[in-house]
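Asks: predicted model and sequence follow; I will ask about them next.
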Amino acid sequence: MIEAIVLLLGFLSAGTAASALVIRNFYHICQPSEVLIFAGSRRRTQEGEEGKEVGYRLVKGGSSIQVPVIERTFRMNLTNMIIDLKVVNAYSKGGIPLTVQGVANIKIAGEEPTIHNAIERLLGKSRKEIEQLAKETLEGTLRGVLASLTPEEANADQIAFAKILLEEAEDDLEQLGIVLDSLQIQNISDDVDYLDSIGRKQQAELLRDARIAEAKAKAESVINASENKRLVALRRIERDLEISKAEAERRVRDALTKRVAIIAEAESLVGAEIAKTQAQVAVQTERIKQVEHQLQADVIAPAEAESKRAISKAKADAASIVEDGKAQVEGIKSLAQSWKAAGSNAKDIFLLQKLDVLLQAMATSIPDVEVQNLTVIDSQSGSNATKMAAFVEQLRQTTGIDVNQLAQRFVDGKSPLASEKSALPHDV
């Protein structure tokens, strides 16, 4: 450094205008958010690693002069870079594809020895190229971490998931000379609604636990209230019991003091009642005897006489009934003997006897009727004989021709025509 300053002063002695130009071109001020890299032929031992030399020198903060011709100056920005991470269809443990969104804050390492990795790998690259390289590295690490976690583990504790991802990504980013300041997982989702199902399940479990807790709280409240009521009731019962005991003791004391007087009074009342009862017993005994004699005279004696009279009458009636029965028996025996003597005509004789009585009864109920003609028809002739008889009668009534007389004359050998003419009306 001293040699560079001496060399620069030598150049400055050449002229003022040239010195201003040299200061502007070779004097570099390092901002707090960057690091200056003076690359040249000189090599310096890397801090922290003895025996290893590099072909550049670092300036972080402050200022330094570039050795003309020998050195070349590079600036490396150390400010934060924000990277949006999005991994689609990253298969988790169990084969469920997940979509993970997150944001990471990175920067180029400003401390040794990591800064040497950044110089070797990132020097000369734009910030977009550095961001893209870090993004691809983080997404690859993210896929690797998801492959070892189930969706439940990744979604249940996103902070722990980000911590694991941060630990896994630090080594890879350190090889690139990049420091991962922070990593936040913003969203984890899937296209098959697996996490939504888990969420609904967890929500249902939370709701169930809340209801169970509420029911337990209510039950405990009811139990506590019941216990309080029980204690209050027990205290009330104990109080009433003490009051009842005191009242009973008072009554016992009063009863003991009044016992003698009450006993004497009761004995006197009982003695009087006993004497009165004994007197009434004697009176009632005599009255019972009197009533017995009166009943004997008024009720029992007349009843016995009436009973004897009724028995005598019943015997007389029975004797009369017995004699009538004997007479009927004798009559029936005579009838049976007559029936037996009549033989087969007994039934007809019996019916004729009964028929005479029935005809007399029927004759008395029928008015006097004059019968002019009576035609008897054999029932075996059938309905045709009945019709013929009706026809003959109608013919006689309408024309005056008596078929029966004509038939009789024919049987007797007389001319039926003469009788027919004589029978005809004169107008015919």
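Replies: Alright, I've got the coordinates.

Asks: point out where this structure drops to low pLDDT.
Replies: The chain contains residues with pLDDT under 70 at 1-23, 41-52, 94, 155-158, 191-203, 339, 342, 344-385, 410-411, 413-428.

Asks: helices of that one, start to end?
Replies: Ranges of helices within the chain are 2-12, 16-26, 114-122, 127-147, 151-156, 158-176, 194-295, 301-342, 346-365, 383-399, 403-412, 416-423, based on DSSP state H.

Asks: and V87, which of the ones you listed is closest to it?
Replies: Of all those, helix 127-147 sits nearest to V87, with 5.2 Å by Cβ to Cβ. For glycine as for every other residue, the C-beta is placed from the backbone atoms N, C-alpha and C.

Asks: now distance to I82 and mean neighbour count too, for the helices of the chain, in a markdown table please.
Replies: Shown next, in a markdown table, are these (distance: least, Cβ to Cβ, whole Å; neighbours: other Cβ atoms under 10 Å):
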| stretch | distance to I82 | mean neighbour count |
| --- | --- | --- |
| helix 2-12 | 38 | 12 |
| helix 16-26 | 34 | 12 |
| helix 114-122 | 17 | 19 |
| helix 127-147 | 8 | 17 |
| helix 151-156 | 23 | 19 |
| helix 158-176 | 15 | 16 |
| helix 194-295 | 26 | 10 |
| helix 301-342 | 137 | 10 |
| helix 346-365 | 142 | 10 |
| helix 383-399 | 136 | 12 |
| helix 403-412 | 153 | 13 |
| helix 416-423 | 161 | 13 |
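
Asks: tell me which of those sits nearest to S33.
Replies: Between the helices of the chain, helix 127-147 lies closest to S33; by Cβ to Cβ that is 12.8 Å.

Asks: thought Y91 was touching A147?
Replies: Yes: assessed by Cβ atoms under 8 Å, Y91 is found in contact with A147 at 6.4 Å.

Asks: sorry, back to before: now the helices of the chain in a markdown table, with distance to V69?
Replies: Formatted as a markdown table, those follow (distance: least, Cβ to Cβ, whole Å):
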| stretch | distance to V69 |
| --- | --- |
| helix 2-12 | 10 |
| helix 16-26 | 10 |
| helix 114-122 | 22 |
| helix 127-147 | 30 |
| helix 151-156 | 57 |
| helix 158-176 | 32 |
| helix 194-295 | 63 |
| helix 301-342 | 176 |
| helix 346-365 | 181 |
| helix 383-399 | 172 |
| helix 403-412 | 189 |
| helix 416-423 | 196 |
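
Asks: domain parsing for the chain?
Replies: Residue ranges of the domains in the chain are recorded as 2-77, 81-192, 379-423, according to automatic domain parsing.

Asks: D240: which of those is closest?
Replies: Nearest to D240, of all the domains of the chain, is domain 81-192, at 60.1 Å by Cβ to Cβ.

Asks: show me the beta-bridge partners of L180.
Replies: I106 (DSSP bridges).

Asks: number of nearby residues for it?
Replies: 22 (other Cβ atoms under 10 Å).

Asks: go on, the one 10 residues further on?
Replies: The tally of other residues near D190 (other Cβ under 10 Å) stands at 20.

Asks: show me what contacts it?
Replies: By Cβ atoms under 8 Å, 6 or more residues apart in numbering, the contact set of D190 is I96, P97, L98, T99, P151.

Asks: against S64, how distant is it?
Replies: Using Cβ to Cβ, to the nearest Å, D190 is found at 54 Å from S64.

Asks: hmm, back to that, quick one: which of the contacts of D190 has the most company?
Replies: Most neighbours among these, by other Cβ under 10 Å: L98, with 23 neighbours.

Asks: for that residue, give the beta-bridge partners.
Replies: Here L98 sits in beta bridges with A90, as judged by DSSP bridges.

Asks: surely it is in contact with I188?
Replies: Yes: here L98 reaches I188: they are 6.0 Å apart, a contact under Cβ under 8 Å.
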